[in-house]
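J.: Below are the sequence and a predicted model for it; my questions follow.
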Amino acid sequence: MEAETRYHPNADQLALASTIEESLAPLLPLSRLHGSHVENAQTWSSLDDIGIFGISVAEEQGGSGLGAAEEALIVMALGQRLVAPAVVATIGAAHAFAGAADTPLGKGAAGLRGRRVAAAYRRGARTIIVEDAAADLMLLRDGSDAALYELGSCVSRTVDDRLWLAGLGAATALGEPIARFEAPQLLRLRLIDAAALAGISQVAVGMSVAYAGTREQFGRPIGSFQAVKHHCANMVSAARRARDQTCFAAVAIDEGRDDAALQVECALFVAGSAALENAGKNIQIHGGMGFSDEADPHLLLKRAQLLTSIAGGLEAANERIANIKVGW
């Protein structure tokens, strides 16, 4: 009966995620993104020490062996810190070798230990990669497919990093993939996408509420004005929907529910919409300062737009939702 009525992670899962979230706050301050859009070697080492890259890796392969619920909660915390896409891609890459004893990289997912994976996606005939100089693997999202490749030296810079909060390049001559993601593994990738976007929607709320409580106009905090109150209330509602749907989808995966795929696709759509809407409203609440390069609000919108593109876009998620058949 519990499997049919459980919609949220349990207390132990929430406590574990909360502990990791506390460790991430000093490690990943938003201010770092004004200097570099990639995470430095020290940050990667610290994330590895915390166990971020082994969340779903089996214990016998040196990981934590945790489920979808724990992974989603932890990635949400990373999303709130606007972690670099390569971190999210490296977490997701472990699912390519789920259950595999031997892989081209070594023993199961343990072969990824110490490797950095760049995020990439198809746009028309082009393969767009989010550049990370230290990455030697690439997780390519291509419509309804995904695969892991050796990166090599197949990237040419094409886009100013200030535009997307990332250096984007075009990848060529990819060769054969090291691994392809099957349907259950693709589902975990989309859950990770949803979790990261849900995290962005949450941090946008906190940033807006904090600013609305301190910024004054006409001798009053702007948060006392009805229009700003309504914006903040709508943002809270959107962020809560994103978190709840993502958590429900994660629990559905862990419990093997028949509707797990539907819940994950809905989570991606709801979380992506919330991230984009809340990031935009956050800029609006900050007024002219929200558009300035030295302030933080624009960082959220740029990262939400990039992660949504990597995930294949919200229209594609909406189409998959419409075509999923659930035996209700």
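T.: All right, it came through fine.
J.: how deep is Leu14 tucked in, by neighbour count?
T.: Each residue near Leu14 was counted by other CB atoms under 10 Å, and the total is 15. Yep, even glycine has a C-beta here, placed from its N, CA and C like the rest.
J.: Surely Val57 forms part of a strand?
T.: No. Under DSSP: H, G, I helix; E, B strand; the rest coil, Val57 falls outside any strand and is assigned coil.
J.: State the pLDDT value of it.
T.: pLDDT recorded at Val57 is 83.
J.: just Ala170 next, same as before
T.: 87.
J.: Let me know the helix or strand that it is in.
T.: strand 168-171 (DSSP states H and E).
J.: Counting by contacts, list what the next helix or strand after that strand packs against.
T.: For strand 168-171, the following helix or strand on the C-terminal side (DSSP H and E) is strand 179-180. For strand 179-180, the packing partners by 3 or more CB pairs under 8 Å, 6 or more residues apart in numbering; DSSP states H and E come out as strand 145-150.
J.: Parallel or antiparallel, which strands does the strand it packs on pair with?
T.: Sheet pairing of strand 145-150 (DSSP bridges) gives strand 137-142 (antiparallel), strand 179-180 (antiparallel).
J.: quick one on the thing from earlier: and the strand holding Ala170, which strands flank it?
T.: Strand pairing for strand 168-171, using DSSP bridges, gives strand 126-130 (antiparallel), strand 155-157 (antiparallel).
J.: and these, which one's lowest on average pLDDT?
T.: Least confidently modelled of these is strand 155-157, at a mean of 70 by mean pLDDT.
J.: Would you map the helices across the stretch 51-200 of the chain?
T.: 68-80, 85-93, 161-164, 183-214 (DSSP state H, counting those that start in this stretch).
J.: and those helices, which one's lowest on average pLDDT?
T.: When those are compared on average pLDDT, helix 161-164 comes out lowest at a mean of 77.
J.: Other residues contacting it?
T.: Helix 161-164 has contacts (CB atoms under 8 Å, 6 or more residues apart in numbering) with 37, 167-168, 293, 302, 305-306.
J.: how near is Ser273 to Gly51?
T.: 31 Å (CB to CB, to the nearest Å).
J.: Could you check which of the two has the larger neighbour count?
T.: The neighbour comparison of Ser273 against Gly51 (other CB under 10 Å) goes to Ser273, with 20 against 16.
J.: Now that one: which helix or strand?
T.: In the assignment (DSSP H and E), Ser273 maps to helix 260-286.
J.: what inclination does that helix have with respect to helix 183-214?
T.: For helix 260-286 against helix 183-214, the angle by axes from the mean of the first three to the mean of the last three CA atoms, to 10 degrees is 20 degrees.
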